[in-house]
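1. Here is my input; please provide its structure:
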Amino acid sequence: MQDRLAAFFKRFADGERLSRDSFPPEGDLPTSSGGVSNGKFYAFKKIPLRAYGWHSKSKPDVFYISHYIYKDFDDLSAADIDRVGKNWKALEER
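-> Sure, this is the predicted structure:
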């Protein structure tokens, strides 16, 4: 599994296109205090693992991974949305 994820991340870092099934937008990042959207967060999907992350607005060419989870179902949980939001705020609103 580790090798599959490493290959997947390398393809992403090299700018190769990833399928919408394996790298879909999953939800909205928190809005700024002025109500401005900060975009979407995404999921790297390699069953049974999922990695959630986002493209940094403050650091060009940086993609942060919020967290990894074991997931054998497709629905996005409120706990994952909250965790991404907290991690985004900790890294992007400094």
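
2. drop to CA atoms for contacts and neighbour counts, all remaining ones
-> Will do.

3. Where in the chain is the helix or strand with the lowest mean pLDDT?
-> In the chain, no helix or strand scores lower on mean pLDDT, DSSP states H and E than helix 2-13, which sits at a mean of 88.

4. center of the chain - which residue?
-> What sits nearest the mean C-alpha location of the chain, by CA atoms, centre = their mean, is residue 53, with 1.9 Å.

5. How far off centre is the least confident helix or strand of the chain?
-> Computed by CA atoms, centre = their mean, to the nearest Å, the chain-centroid distance of helix 2-13 equals 14 Å.

6. Mind listing what's buried along that helix?
-> By neighbour count on 16 or more other CA atoms under 10 Å, the buried set for helix 2-13 is 5, 8.

7. Number the chain from 740, please
-> Fine by me, first position is 740 from now on; the one you just mentioned is helix 741-752.

8. State the next helix or strand along the chain beyond that helix.
-> Next along the chain after helix 741-752, taking DSSP states H and E as the criterion, comes strand 764-767.
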